[in-house]
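Asks: Sharing a model that was predicted from the sequence below.
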Amino acid sequence: MKTDDLVALLAREPSPAPARRDARRRFVLGLVAGTAASTALMFVLLGVRPDLSTVIHDPVFWVRLALPSAVAVAALLVSLRLSRPAARIGTPRWVALGLPFLLAWMLAAIVLGGAEAAQRGALVLGHTWKVCSVLITLLSLPSIVAVFWGIRGMAPVRLRLAGAAAGLLAGAIAAMGYCFHCPEMAPPFWAIWYVVGMLAAAGIGALAGPRWLRW
């Protein structure tokens, strides 16, 4: 084949674009499947709280839901960047990832500071502190598997960090679903135990990343 003919053939049939679209489609499919699986697991194992129709009128319910929702969005952006070889995450994404935690802890500190000393233990521990983080971590497992599957098709290179971001994304998705079951409304409670559950999922992702994300 002549050089001119080869150049013309390559120009007519570029391959990177379809592959990129396929990778993005696979990631979206994994994200949707993981969210659906974690949500379904929550409904089957736990169910929604019986007073949900009443509690949704409480602004604290939506503030609590905003914590994992904001973490999920930030972790999604970081995961997408880490899924591309040589792509920089950038300071704004790191700030977006840390800001929800900081705001939740600030709110928890304000609530604890205004409470009587005898009430602070109950505000932090509630009635379900022993199981809250464990349940969030458990609910995150289907999302971890599905999100890992999606990211693996996008050729990540920093596997441990990408795994941690994917795990945090899965943990945030699980915490969002758990909000519809959890009876605890005190900011000090969910600012601690929701975060522990999400970080536990991130830890699982970090441990699994070098093996599961290798391509």
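Replies: Happy to help now that I have it.

Asks: okay, CA-based contacts and neighbour counts for the rest of this
Replies: OK.

Asks: Point me to the helix or strand that includes the most centrally placed residue in the chain.
Replies: The chain has L169 as the residue nearest its centroid, 1.7 Å off, counting by CA atoms, centre = their mean. For L169, the element it lies in under DSSP states H and E is helix 159-178.

Asks: Please apply the same query to V63.
Replies: Using DSSP H and E, V63 sits in helix 59-82.

Asks: which of the residues in that helix are buried?
Replies: For helix 59-82, the neighbour count (16 or more other CA atoms under 10 Å) marks 61, 64-82 as buried.

Asks: what packs against the helix or strand encompassing P210?
Replies: Using DSSP H and E, P210 falls within helix 187-212. Other helices and strands packing on helix 187-212, by 3 or more CA pairs under 8 Å, 6 or more residues apart in numbering; DSSP states H and E, are helix 91-114, helix 117-125, helix 129-152, helix 159-178.

Asks: Identify whichever of those helices lies nearest to P50.
Replies: helix 159-178 (13.6 Å; CA to CA).

Asks: quick check: angle from the closest one to helix 59-82?
Replies: If you take axes from the mean of the first three to the mean of the last three CA atoms, to 10 degrees, helix 159-178 sits at 160 degrees to helix 59-82.

Asks: quick check: angle from helix 159-178 to helix 91-114?
Replies: 50 degrees.

Asks: how close does L168 sit to L213?
Replies: L168 sits 15 Å away from L213, taking CA to CA, to the nearest Å as the criterion.

Asks: Looking at those two, which is more packed in?
Replies: Ranked by neighbour count (other CA atoms under 10 Å), L168 and L213 place L168 first, with 33 against 24.

Asks: which residues does the residue nearest to that one when sequence neighbours are not counted contact?
Replies: With sequence-adjacent residues excluded and distances taken as CA to CA, 6 or more residues apart in numbering, L168 is closest to A202, at 4.3 Å. By CA atoms under 8 Å, 6 or more residues apart in numbering, the contact set of A202 is 163-171.

Asks: what does stretch 207-215 rub up against?
Replies: The contact list for stretch 207-215, computed with CA under 8 Å, 6+ apart, reads 148-149, 151-153, 155-156, 159-164.

Asks: With respect to pLDDT, which of those residues ranks lowest?
Replies: Lowest pLDDT of the contacts of stretch 207-215: A155, 80.

Asks: Name the SS class of that residue, please.
Replies: When classified by DSSP: H, G, I helix; E, B strand; the rest coil, A155 comes out as coil.

Asks: OK, contacts around it?
Replies: Contacts here follow CA under 8 Å, 6+ apart; on that basis A155 touches 83-85, 215.

Asks: quick one: it and I192, what's the gap?
Replies: When A155 is compared with I192 (using CA to CA), they lie 34 Å apart.

Asks: low pLDDT regions in the protein?
Replies: Applying pLDDT under 70 to the chain flags residues 1-20.

Asks: swap the cut-off to 80 and go again
Replies: Scanning the chain with the threshold set as pLDDT under 80 gives 1-21, 85-87, 215.

Asks: Longest helix in it, please.
Replies: Counting by DSSP state H, the longest helix found in the chain is helix 16-45.

Asks: after that one, next one along is what?
Replies: helix 52-55.

Asks: Mind putting the contacts of A155 into a markdown table with neighbour count, distance to V134 and secondary structure?
Replies: A markdown table is the format used below for the contacts of A155 (neighbours: other CA atoms under 10 Å; distance: CA to CA, whole Å; DSSP: H, G, I helix; E, B strand; the rest coil):
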| residue | neighbour count | distance to V134 | secondary structure |
| --- | --- | --- | --- |
| S83 | 25 | 28 | coil |
| R84 | 16 | 32 | coil |
| P85 | 12 | 33 | coil |
| W215 | 12 | 30 | coil |
